[in-house]
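**Student:** Let's see this in three dimensions:
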Amino acid sequence: MADESLHERLSNPSRPVFLLGDVPPGEGTVPHKCSEIANKFVSRSRMLAADGYIVYDIQDEPGRTDEERPFPFRRVMDSSTHAALLANLSGRECLVYKCVADPNFESWLENNKTIGHTAINLVGRASSEGSYEGPTISEAMNIVASKEDVHFGCVCIAERHTLEAAQQRGKAYPTEHLNMVRKIKAGAKWFISQAVYDAEPTIRLLKDYATLCKQKGIAPRKVVLTFAPVSRKKTMTFIKWLGVRVPIETEELILSAEKPIERSIEYLCDVLREILSECAGVGVPLGISCESVSIFKSEIDGVHELFRRLQTILLDSRGSPWKVQWLEVMPPAGRIDDDDDALVAFDPSEKVRTLLFGVMVGAATVSLGVILGGKSKHA
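**Tutor:** Numbering: from 1, shown residues only. This is a model prediction of the structure:
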């Protein structure tokens, strides 16, 4: 199990998966600065027992809402390029996000495959209104499914699975679980949620998804729940601008606290506990992803503490013994040539030794990299 690739870990229903999210540097950032930024992220997260990183594809999303964006939009470098840097520096594979609203989607996909990424997450258009170039999400899924050695997942949004959202769409009942099963039939191997700040919609979605899969005779694909701590009102406003449902009492609870980041972490831990309690036995395999949606240091540091605590909660809920250990692993990537900004394809045969933490559940290693062999050293 320890030598599974990231897409295999995401697809494997018998084990949880733990991911850490990152955003690429701004578009036009010089190569040596990109390397510095990537190295800083890897160095800060090295002590976390993560299976890999998520690298987001940031879009302007002007059609999302009429409200002003709290943080100004800035274009970022290509997600697959930044992912290659992270993989090379850390020895951890990346799940690369890609918005399908790209007229060069197919050429991007080929380049991404050439670089060596095998796991991508497809994101649809921000809004059904307006005009967009590139394939629809259905067309993009068909394109990726036809390729060898590339595996994909999709997003799931619990906020769509509320009675209020159904009424706004003229539906008698929410339909996000139907979208998920449709995407499974198109080849999706996993789902990544939007940031969770309200347990109720997620619980409803997971239960309805599990029930529909059972009715259709389909094995539920893993759902990775995303969490993002907040310490400032501006970040909370941005979270809500992104479409995340935050109950008013939750916002007041966090922002009125003496230490908002600590209260946010405690609250999100309680949210996960409630989800696990209410969805115990439904049969949907789960994972955890943590991210910061801002550049504030307190929130970035909070992501790491939140990651450790959520990982403990999810692993404890499984009822089997687990422990942390470090392993010698090899990075799945090649390197970035700073001289000409050329991207060198991944070379798994290049055995670079790196010390990283892993997680043991029962007697099987379930996170972190490719074991080179030899004796494991326990923390």
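**Student:** could you give me the average pLDDT of the strand or helix carrying M141?
**Tutor:** Counting by DSSP states H and E, the element that carries M141 is helix 137-145. Averaged over helix 137-145, pLDDT sits at 96.
**Student:** Tell me which residues of that helix come out buried.
**Tutor:** Within helix 137-145, the residues scored as buried using 16 or more other C-beta atoms under 10 Å are 137, 140-141, 143-144. The C-beta positions use only the backbone N, C-alpha and C, and glycine is treated the same way.
**Student:** Equivalent analysis for stretch 15-26, please.
**Tutor:** Residues of stretch 15-26 classed as buried by neighbour count (16+ other C-beta under 10 Å): 15-25.
**Student:** got the CA coordinates for that stretch in CSV?
**Tutor:** Taking Å, rounded to 0.1, in the frame of the first residue of the first chain, the C-alpha atoms of stretch 15-26 are listed here in CSV:
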residue,chain,number,x,y,z
ARG,A,15,-7.7,4.1,3.2
PRO,A,16,-8.0,7.8,3.9
VAL,A,17,-6.0,10.4,2.1
PHE,A,18,-4.5,13.7,3.4
LEU,A,19,-3.7,16.6,1.2
LEU,A,20,-2.3,20.1,1.6
GLY,A,21,-3.4,22.9,-0.8
ASP,A,22,-1.2,25.6,-2.4
VAL,A,23,-1.7,28.4,-4.9
PRO,A,24,1.0,29.0,-7.6
PRO,A,25,3.0,32.2,-7.6
GLY,A,26,1.9,35.2,-9.7
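**Student:** pretty sure Y173 is in contact with E164, am I right?
**Tutor:** No - if you go by C-beta atoms under 8 Å, Y173 and E164 don't touch, sitting 11.9 Å apart.
**Student:** okay, and the helix or strand of this structure with the least pLDDT?
**Tutor:** The least trusted helix or strand in the chain, going by mean pLDDT, DSSP states H and E, turns out to be strand 377-378, with a mean of 35.
**Student:** related to what we said a few turns ago, can you tell me what sits against the helix holding M141?
**Tutor:** With C-beta atoms under 8 Å, 6 or more residues apart in numbering as the test, helix 137-145 has contacts from 100, 105-106, 109, 120, 122, 124-125, 134-135, 150, 152, 154, 183, 186-188.
**Student:** can you state the direction angle for the next helix or strand after that helix and helix 137-145?
**Tutor:** Proceeding N to C from helix 137-145, the next assigned helix or strand is strand 151-156, under DSSP H and E. Angle of strand 151-156 versus helix 137-145, following axes from the mean of the first three to the mean of the last three C-alpha atoms, to 10 degrees, is 160 degrees.
**Student:** now the helices: where do they sit in the stretch 151-300 of the chain?
**Tutor:** Under the criterion DSSP state H, counting those that start in this stretch, the stretch 151-300 of the chain contains helices at 163-168, 176-185, 199-216, 233-241, 248-255, 260-278, 297-317.
**Student:** Which among those is found nearest to V224?
**Tutor:** Ranking those by proximity to V224 (C-beta to C-beta) places helix 297-317 first, at 10.7 Å.
**Student:** mind listing what's buried in that closest one?
**Tutor:** 298-300, 302-304, 306-311, 313-315.
**Student:** secondary structure class for V96?
**Tutor:** Classification of V96 using DSSP: H, G, I helix; E, B strand; the rest coil returns strand.
**Student:** Beta-bridge partners for it, please?
**Tutor:** Following DSSP bridges, V96 is listed with bridge partners V55, I120.
**Student:** Just the pLDDT for it.
**Tutor:** If you check V96, the pLDDT there is 97.
**Student:** cool, and L255?
**Tutor:** If you check L255, the pLDDT there is 96.
**Student:** can you pull the contacts of it?
**Tutor:** 233, 236.
**Student:** Next, count neighbours for E258.
**Tutor:** E258: 6 surrounding residues under other C-beta atoms under 10 Å.
**Student:** whoops, M77 was the one
**Tutor:** 18.
**Student:** just the one 3 residues further on next, same as before
**Tutor:** Residues lying near S80 (other C-beta under 10 Å) number 25.
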